[in-house]
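Novice: Okay, structure incoming, though there's no sequence with it:
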């Protein structure tokens, strides 16, 4: 199977977008607002790319069950390792806070429910880990429907659930009294979408669009995503949305682009970094906290909400996250237990 370098190439920009979302405050300044809304394609693309690559491995594979088990175990190992890491980090912060340690620990433990930890990915400072556990649940559901030969049905059902999830963005029209940032409402649809692209790859690769056409389509859809966010938040006074209807179309075009330009980014350093996107994703929240502590210590936190400073902050966190993950991988490779 030919490697799709374009996916890792796009992943570089997607993981950078995630870091920007988590470091750059989404306030009413136009530059920060546009930057935040442009970046909202990132997590949907991660789900879709994961579903696509998973589909390439299991479709027409007689040993797909074995691969599915190994893939799921790998995701769960990543999740549990980082979950335990952030729990340890949180407990350390509580002991170093100088407050009522017993009370704070009791309050913290109360939030570590089975539902929070093993479905929603909540309860710790590693809030970004919701993606990892949602990917595990989404992949499990996806594989069941794959074995039942009902992928198209799942795509339709998951799309309906995803549209229902827009209650958090379109709360002025209808308010869904549920947590929708999870596998069922977000992860399942985009993972299934990516899988469907793998399922229909021969037909998709017959769609020969010029790169100039992709450029215009993607430019239009990124502008549309920002416009949708502006319309919701500024014109209709809705809550700030995380996912938009336009993101669905944007993800489709990105997938189509990567399927038909698989050699894009081959040999580039950003493609190599994009290949480590999950590791950067897992560790970057820790680096955000450490950098914030550093900025508060030296007294420069008042520069926040200034576009240039926030971009410097984002690039610093991004760079440190990659270096930290690269170092962890080096340490891991030197330990016989992990080989």
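Specialist: Cool, got the structure. Just so we're clear, the structure is a prediction, and the values are computed from it rather than from any experiment.
Novice: How much space separates the spatially most distant residue from the centre of the chain from residue 106?
Specialist: Among the C-alpha atoms of the chain, the one farthest from their average position, using CA atoms, centre = their mean, is that of residue 100, at 34.9 Å. Using CB to CB, to the nearest Å, one obtains 9 Å as the distance from residue 100 to residue 106. C-betas here are computed from N, CA, C, even on glycine.
Novice: Tell me the first helix or strand C-terminal of the helix or strand bottoming out on mean pLDDT in the chain.
Specialist: Evaluated with mean pLDDT, DSSP states H and E, the helix-and-strand set of the chain has its lowest mean pLDDT in helix 30-38, which scores a mean of 81. Per DSSP states H and E, the first helix or strand lying C-terminal to helix 30-38 is helix 42-58.
Novice: what residues does stretch 267-282 touch?
Specialist: Defining contact as CB atoms under 8 Å, 6 or more residues apart in numbering, one finds that stretch 267-282 is touched by 5, 7-15, 18-19, 46, 78, 82, 126, 128-129, 131-132, 265, 318, 321-322, 325-326, 328-329.
Novice: Secondary structure element for residue 216, which one?
Specialist: Using DSSP H and E, residue 216 falls within helix 211-230.
Novice: brain fart, residue 138
Specialist: Going by DSSP H and E, residue 138 is in helix 130-147.
Novice: For that helix, list every residue counted as buried.
Specialist: Judged by neighbour count (16 or more other CB atoms under 10 Å), helix 130-147 contains these buried residues: 130-139, 141-143, 145-146.
Novice: Same question for stretch 112-127.
Specialist: Under the neighbour-count criterion of 16+ other CB under 10 Å, stretch 112-127 has 117, 118, 119, 120, 121, 122, 123, 124, 125, 126 buried.
Novice: so where is this protein shaky, pLDDT-wise?
Specialist: Across the chain, the stretches falling below the confidence threshold (pLDDT under 70) are 1, 26-28, 30, 166-178, 234-241, 300-305, 335-339.
Novice: what about the strands in it?
Specialist: Counting by DSSP state E, one finds no strands in the chain.
Novice: Specify the helix with the largest residue count in it.
Specialist: Of all segments of type helix in the chain, defined using DSSP state H, the longest is helix 64-96.
Novice: and that one, what does it pack onto?
Specialist: Based on contacts counted as 3 or more CB pairs under 8 Å, 6 or more residues apart in numbering; DSSP states H and E, the elements that helix 64-96 packs against are helix 42-58, helix 101-110, helix 130-147, helix 277-298.
Novice: right, so of those helices, which gets closest to residue 95?
Specialist: Between residue 95 and these, the tightest spacing by CB to CB is seen for helix 101-110, at 5.9 Å.
Novice: what sits up against the closest one?
Specialist: Here helix 101-110 makes contact (CB under 8 Å, 6+ apart) with 90, 91, 94, 95, 97.
Novice: Stretch 191-201 now?
Specialist: The contact list for stretch 191-201, computed with CB under 8 Å, 6+ apart, reads 47-56, 59, 135, 138-139, 142, 145-146, 151-152, 154-155, 158, 204, 251-252, 255-256, 259.
Novice: Narrow the residues you listed to just the buried residues.
Specialist: Those of those that meet the buried threshold are 47-56, 135, 138-139, 142, 145-146, 151, 154-155, 158, 251, 255-256, 259, by 16+ other CB under 10 Å.
Novice: next one: the helix holding residue 216 to chain centre, how far?
Specialist: The gap between the average C-alpha position of helix 211-230 and the chain average comes to 20 Å, counting by CA atoms, centre = their mean, to the nearest Å.
Novice: same question, stretch 144-154
Specialist: The chain centre lies 24 Å from the centre of stretch 144-154; the measure is CA atoms, centre = their mean.
Novice: Other residues contacting that stretch?
Specialist: Taking CB under 8 Å, 6+ apart as the rule, stretch 144-154 contacts 58, 59, 64, 141, 142, 188, 192, 195, 196, 199.
Novice: can you rerun that using 7 Å?
Specialist: Applying CB atoms under 7 Å, 6 or more residues apart in numbering, the external contacts of stretch 144-154 come out as 58, 142, 192, 195, 196, 199.
Novice: so how far does it reach from one end to the other?
Specialist: Using CA to CA, to the nearest Å, the end-to-end distance of stretch 144-154 comes to 10 Å.
Novice: can you check stretch 193-211 too?
Specialist: Distance between the boundary residues of stretch 193-211 (CA to CA) amounts to 22 Å.
Novice: Check which residues of it are buried.
Specialist: When burial is assessed from 16+ other CB under 10 Å, stretch 193-211 yields the following buried residues: 193, 194, 195, 196, 197, 198, 199.
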